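Asks: give me the fold of what follows.
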Amino acid sequence: MQSPSANSADKSPTELPTDLLELTQAIEALPIEHRIKLLPSLRRVTQSSVRRRRILCLVQEALGQLRLDMKYLVFDLEATKRERDEFLEKLTQRGDDLDQ
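Replies: I've put the predicted structure just below:
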């Protein structure tokens, strides 16, 4: 079972949180004079929520790419170290062969 935070991260960037949807429904049930006063604020909060979710998704994608890049770099570093060690061993053997 996933945690609530992991579940909310799986949502699309434009999907609104349940609390915000409930607030929207509550505001829509109000009389028109109250709705008119609250709708601009609700719109700003909704846009802000969508923007933050998009940013979060972008950051998560960037972190995923960074992790992958780090794995490649570690692999390359280990391969380079192995190649260096093999070269030094061959160089040492060659030096021993020249001494004899």
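Asks: could you say which helix or strand contains L16?
Replies: L16 is part of no helix or strand when elements are defined by DSSP states H and E.
Asks: need phi/psi at it.
Replies: phi -90, psi 150 (degrees, to the nearest 10).
Asks: what about it, how many neighbours?
Replies: Residues lying near L16 (other CB atoms under 10 Å) number 16. In short, each C-beta sits where N, CA and C put it, glycine included.
Asks: which helix or strand contains the spatially most central residue of the chain?
Replies: For the chain, Q60 is the residue whose C-alpha lies nearest the centre (CA atoms, centre = their mean; 0.6 Å). Secondary structure from DSSP H and E places Q60 in helix 32-99.
Asks: work out the gap between that helix and the centre of the chain.
Replies: Centroid displacement of helix 32-99 relative to its chain, using CA atoms, centre = their mean, to the nearest Å, is 8 Å.
Asks: by contact count, what packs against it?
Replies: helix 18-28 (3 or more CB pairs under 8 Å, 6 or more residues apart in numbering; DSSP states H and E).
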